[in-house]
Structures are given as C-alpha cells and as structure tokens.
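Asker: Need coordinates for the below:
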Amino acid sequence: MFGLRVGKHKKKLEQAFATCFWPLIDELGNVPIPMQTDPAINGSILGVCETYARANDITKPNDMMRIVDAVFEEIYRMESINVQNRVDTWKNDNNDAFNQAYAHAKTQTTSALDLTWLSNIAKDNFDQATGLML
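Answerer: This next block holds a predicted model:
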C-alpha cells in the first residue's frame, strides 16, 4: 500500500516539472543540454522534490530517493544518472550556486506545486532545446 502513496506523489512532481520546463522542451521531449551541468537549476529541482516530499510526510530515505530519481529521469532521461551524480558532487562539495538555488527552492515550494518561478528562471537562463542530432 505504501508504494501507491509514493507513486501518487512521483506522478504529481513529474507533471509539475513537465509543465515547468514545457517552454524549453524540443519536439523530442528533451530539455536543453546545458541544464544537465547547471548546479543552480538542479539544486532547485532537488530542493522542490525534497520540500514537497517532506510536506507530504514522505521522510523515509528510500522513498525520497525514488521520488528524486523519477523526477530526474523524467527530465533528463538517459542522462539522469550522470546528472544525479553531479548533484551529489555539488551537494557534497558545498557548491555555492547549488546551495543557493536549493535553499531558494525550499522557500518557494508549496503543496500546490506552482513552479512558475522555476519556469521563469529556466526560460531566462536557457535557450529552447533544438532536437538536432549531430
């Protein structure tokens, strides 16, 4: 029964981020590649996920990891693991841009998951993905 509760919140977060990044997604469903290596945008993503999960009484580390993994996989697809490894490094190394964005996301996140603020940051800092293959 516990899996249904976590699954419901994973879906809600996945949908919120899909809506958030919709203006930047190309026709193949990809976000801009530079987002993969940006500590601020990824700090924001992690901050939203963790704050939302805690607000919904999801506190078990494994449940939290499942939610974060699902969101990063939805956003970055095959590059998800590489991005999550970078996130771990930024978090462990106390990267300033990551930490500031993470803290800011925690103050902006509500149970309504209105990510307009993050969408505006993303649109201001990244060009829309083109979907061009090299």
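Asker: which ones are touching the spatially most central residue of the chain?
Answerer: Residue closest to the mean C-alpha point of the chain, counted by CA atoms, centre = their mean, is Ile45 at 2.9 Å. Contacts for Ile45 (CB atoms under 8 Å, 6 or more residues apart in numbering) come out as Phe17, Val71, Phe72, Ile75, Ala105, Leu118. C-beta: built from backbone N, CA, C; applies to glycine.
Asker: before we move on, which element is it in?
Answerer: helix 39-55 (DSSP states H and E).
Asker: After that helix, which helix or strand is next?
Answerer: Assigned by DSSP H and E, the successor of helix 39-55 is helix 61-76.
Asker: Mind checking what helix or strand follows that following helix in sequence?
Answerer: Heading C-terminal from helix 61-76, the first helix or strand you meet, by DSSP H and E, is helix 80-92.
Asker: and that next one, what does it pack onto?
Answerer: Counting by 3 or more CB pairs under 8 Å, 6 or more residues apart in numbering; DSSP states H and E, the packing neighbours recorded for helix 80-92 are helix 39-55, helix 61-76, helix 96-108.
Asker: avg pLDDT for the helix holding Ile45?
Answerer: Helix 39-55 shows an average pLDDT of 96 in the prediction.
Asker: So what angle separates the directions of it and helix 80-92?
Answerer: 90 degrees (axes from the mean of the first three to the mean of the last three CA atoms, to 10 degrees).
Asker: Buried residues, helix 39-55. List them.
Answerer: 39-53 (16 or more other CB atoms under 10 Å).
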